[in-house]
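>>> Sequence and predicted model, in that order:
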Amino acid sequence: GGFVQALHRATEEHLRAAKACDPLAPDAPFARELGTKYPIVQGPMTRVSDRAAFADAVSCAGGLPFLAMSLMAGDQADELLAETAELLGDRPWGAGILGFVPKELRDAQFDAIERHRPGFALIAGGRPSQAHELEQRGITTYLHVPSPGLLDLFLKDGARKFVFEGRECGGHVGPRSSFVLWESQIERLLAFKDVEDVTAIFAGGIHDARSAAMIAALCGPLAERGAKVGILMGTAYLFTEEAVSVGAILPGYQGAAIECEATTLLETGPGHSTRCAETHYVRRFRDEKRRLEQAELDSREVWESLERLNLGRLRIASRGLKREGGEFRDVDEAEQKQEGLYMIGQVAQLRDRVVTMPALHEDVSAGSSRWLETVSVGESKQETEQSVDIAIIGMACIFPGAPDTETYWANVASGVNSITEVPSTRWSKDTYFDPDGAPGVSTPSKWGGFIDDVLFDPAA
C-alpha cells in the first residue's frame, strides 16, 4: 500500500513539474540554446541525412539538422560540410560523427568540421576528451551515452551534454529499452549537484504528441531544477514528404516504412544488433546465419561473414545503388526491395501516413504541451489510513549452476561457488576481454558492429 501511494505521489509530482515547465514547448530553454523554433534534434542517419537539402528542410521546419558523417573520407566530408554551410547560412546545424573510427579518418573529419564551423556536433561511441576537443573549437558537442555507468564516468570527466537513445531506435541499437535507459539516466542526473548545467536529449521511440508528452512528464523534475531537455528523432523523418522530395531516400524506402508492421533485430554477434523492417533480406540473413552456425565455425568467423553480408545493403534500400567492383550501378525497385536492408525503428509500426516536416515538429512540440494541458493533477492529500505492509515474493529464475529453485537453495546452503567464465553465447571474450589487463574501456556495444576490436586510448 505504501508503495502504491508513493507511486501516485511521484506521478503527480512529475506531472505538476512538467505542466509548470513545459520543457518541450516551442521556444523552450533547449530550443533557445539551439537557436531553433522547437527543442527538436534530427538524429544523424547513415545514407539518409547526408544531403544538404535534407538539412535545409529540417532547419526550415524549425528543428536542428545533423549530417551523418559516418565513414566519410576527409574530401567527402569537406564537400558535404561546405555545401551545407553555404545553403544554411547563419541557421544552426550540426555534424554527427562516430567517435571510434580510425584516428586518421576522425582527424580528417575534425579538420573539415573546423573549416566549415557547424555550430553543433554529436558523437556516437565517443568519449568526453573528443567532445572537449570540439568544444575548444567553439562547437557545442553532445555525447551518446547508452548506460548509467558511462554517464557517471562522463559526468566525472566534465561532460554535460548527452543523448540517451533507447533500444527501440533504428539501425545499431544499445542494450537498454528506452524507458529503462531514460529512467536510469534521469535518476543519475537528479543526484548530480550541478544538474542546471546539464542538457539531456532523449531518443528511441519519440514521434508524436503523446510520446513527447511522456518525455516531458519523465523529465519534469529535471527541467524544474534547471536542466535543459530536448528530443531526438530519426525514423519519424522517413515518413515526411521532404525526405523523398529532396532525395534523401527513394519512394520505395518510404513505402517500406509505411507498410512496416514489425521490426526485427539482426544480430551478427553478441552486442552487435541492427533494428530493421521485416523484409526478404531479413529472411536471407537468418538462413545464412543458421548455415554458418551449423557449420560450427568460430564465432569470430560467423560475425565477420554476417557483417560482410550486410555491407552496402542500406545504400541499396535508401538510394537504389549497388557497388559492383569499384563502380556503382542503379537497381530497379524490385531488386531494391529484394536486396535492401531497411534500417528503421519501432516507431514505424505506429505510423502509416506521410506528413510534412513542419506538421511533424508542431505535433511533437506544441502537441506535447496540449497533451499535458488535458492531464489533471490532483491535490496532495495527507494519508489518513495506515498502509499495510505486504510483501509479494516469487521465484522463477535461472542462476548460474542452478536451473531451478531447489538447486539454487541447495547451492546456497552447500556454499557452492558458481562463478565461471562468461559463456561464449553471452559475449565473445576474444572481442571484449583484454588478457593483459590494459586499463582501456571497450567501445560501447551499440557501435561495435562498425569496426573490429577498437579500444579507447588508455592515455586519453
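Perfect, I can see it now.

>>> For the stretch 301-450 of the chain, which segments count as strands?
For the stretch 301-450 of the chain, applying DSSP state E, counting those that start in this stretch gives strands covering 321-324, 327-330.

>>> what do you get for the stretch 51-200 of the chain?
Taking DSSP E, counting those that start in this stretch as the test, the strands found in the stretch 51-200 of the chain are 66-68, 94-98, 120-124, 140-144, 161-165, 171-172, 199-203.

>>> In a markdown table: those, plus mean pLDDT and distance to Gly269.
For glycine as for every other residue, the C-beta is placed from the backbone atoms N, C-alpha and C. A markdown table is the format used below for the strands of the stretch 51-200 of the chain (pLDDT from 0 to 100; distance: least, Cβ to Cβ, whole Å):
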| stretch | mean pLDDT | distance to Gly269 |
| --- | --- | --- |
| strand 66-68 | 97 | 23 |
| strand 94-98 | 95 | 18 |
| strand 120-124 | 96 | 19 |
| strand 140-144 | 97 | 20 |
| strand 161-165 | 97 | 21 |
| strand 171-172 | 90 | 12 |
| strand 199-203 | 97 | 24 |
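
>>> do you know which of those lies nearest Leu360?
strand 199-203 (14.9 Å; Cβ to Cβ).

>>> mind listing the helices for the stretch 1-150 of the chain?
In the stretch 1-150 of the chain, the helices defined using DSSP state H, counting those that start in this stretch lie at 2-21, 29-34, 52-60, 74-88, 103-116, 128-136, 148-156.

>>> Could you save those as TSV and add columns showing mean pLDDT?
Output for the helices of the stretch 1-150 of the chain, formatted as TSV (pLDDT from 0 to 100):
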stretch	mean pLDDT
helix 2-21	92
helix 29-34	96
helix 52-60	98
helix 74-88	96
helix 103-116	93
helix 128-136	94
helix 148-156	95
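
>>> Quickly compare these and say which is most buried.
helix 52-60 (a mean of 22; mean count of other Cβ atoms under 10 Å).

>>> hmm, back to that, for my notes, please list the strands of the stretch 51-200 of the chain in CSV and give mean neighbour count and distance to Asn310 for each entry.
Shown next, in CSV, are these (neighbours: other Cβ atoms under 10 Å; distance: least, Cβ to Cβ, whole Å):
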stretch, mean neighbour count, distance to Asn310
strand 66-68, 26, 17
strand 94-98, 27, 16
strand 120-124, 25, 18
strand 140-144, 23, 21
strand 161-165, 24, 20
strand 171-172, 22, 11
strand 199-203, 25, 23
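
>>> Can I get those strands in TSV including distance to Asp78?
Shown next, in TSV, are the strands of the stretch 51-200 of the chain (distance: least, Cβ to Cβ, whole Å):
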stretch	distance to Asp78
strand 66-68	12
strand 94-98	11
strand 120-124	15
strand 140-144	19
strand 161-165	25
strand 171-172	25
strand 199-203	27
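
>>> Which one, of those, ends up nearest to Ala131?
Between Ala131 and the strands of the stretch 51-200 of the chain, the shortest gap by Cβ to Cβ is with strand 140-144, which sits at 4.2 Å.

>>> hang on, the earlier thing: would you turn the strands of the stretch 301-450 of the chain into a markdown table with mean pLDDT, distance to Glu362 and mean neighbour count?
What follows is the strands of the stretch 301-450 of the chain, written out as a markdown table (pLDDT from 0 to 100; distance: least, Cβ to Cβ, whole Å; neighbours: other Cβ atoms under 10 Å):
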| stretch | mean pLDDT | distance to Glu362 | mean neighbour count |
| --- | --- | --- | --- |
| strand 321-324 | 89 | 34 | 14 |
| strand 327-330 | 89 | 36 | 10 |
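
>>> so which of these comes closest to Phe100?
strand 321-324 (23.5 Å).

>>> CA atoms only for that closest one, dumped as PDB, please.
Written as PDB, here are the backbone C-alpha positions of strand 321-324 (Å, rounded to 0.1, in the frame of the first residue of the first chain):
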ATOM      1  CA  LEU A 321      22.700   2.000 -55.600                       C
ATOM      2  CA  LYS A 322      24.700  -1.200 -55.600                       C
ATOM      3  CA  ARG A 323      28.500  -1.400 -55.700                       C
ATOM      4  CA  GLU A 324      30.000  -3.900 -58.200                       C
END
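
>>> re the thing from before, and the strands of the stretch 301-450 of the chain as CSV, adding distance to Asn310?
CSV is the format used below for those (distance: least, Cβ to Cβ, whole Å):
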stretch, distance to Asn310
strand 321-324, 13
strand 327-330, 18
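
>>> and Leu232, which of those is closest to it?
strand 321-324 (27.1 Å).

>>> Quick one: residues in contact with the closest one.
Applying Cβ atoms under 8 Å, 6 or more residues apart in numbering, the external contacts of strand 321-324 come out as 312, 315-316, 328-331, 335, 339.

>>> and what of stretch 66-79?
Contact with stretch 66-79 is made by 41-50, 52, 55, 80-81, 84, 93-98, 101, 105, 108-109, 111-113, 115-116, 118, 120, 122, 450, as judged by Cβ under 8 Å, 6+ apart.

>>> Endpoint to endpoint, that stretch covers what distance?
Stretch 66-79 has its terminal residues 15 Å apart, counting by Cα to Cα, to the nearest Å.

>>> just to revisit the earlier point, mind checking which of the strands of the stretch 301-450 of the chain is nearest Ile390?
strand 321-324 (61.6 Å).

>>> Just checking: what are the partner strands of the closest one?
As defined by DSSP bridges, the strand partners of strand 321-324 come to strand 327-330 (antiparallel).

>>> C-alpha coordinates for the strand it pairs with, PDB please?
The C-alpha trace of strand 327-330 is given here as PDB (Å, rounded to 0.1, in the frame of the first residue of the first chain):
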ATOM      1  CA  GLU A 327      31.600   1.200 -59.600                       C
ATOM      2  CA  PHE A 328      28.000   1.800 -58.500                       C
ATOM      3  CA  ARG A 329      25.000   0.800 -60.600                       C
ATOM      4  CA  ASP A 330      21.300   1.700 -60.200                       C
END
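
>>> Now do that strand: distance to the chain's middle.
Relative to its chain's centre, strand 327-330 lies at 31 Å (Cα atoms, centre = their mean, to the nearest Å).

>>> Pass me the low-pLDDT residue ranges in this structure, would you?
379-388, 395-396, 432, 434-460 (pLDDT under 70).

>>> middle-most residue in it, spatially?
Glu165 (3.3 Å; Cα atoms, centre = their mean).

>>> Show me what the residue nearest to it when sequence neighbours are not counted bridges to in the sheet.
Leaving aside its sequence neighbours, Glu165 sits nearest to Ala203 (Cβ to Cβ, 6 or more residues apart in numbering; 4.0 Å). Per DSSP bridges, the residues bridged to Ala203 are Glu165, Leu232.

>>> Quick check: Val41 vs Val58, distance?
Val41 is 9 Å from Val58, where distance means Cβ to Cβ, to the nearest Å.

>>> next one: Leu218
Counting by Cβ to Cβ, the gap from Leu218 to Val58 is 25 Å.

>>> What is the burial count for the nearest residue to Tyr237 once chain neighbours are set aside?
Ranked by Cβ to Cβ, 6+ apart and with sequence neighbours excluded, the top spatial neighbour of Tyr237 is Ala243, at 5.6 Å. When neighbours are counted by other Cβ atoms under 10 Å, Ala243 registers 28.
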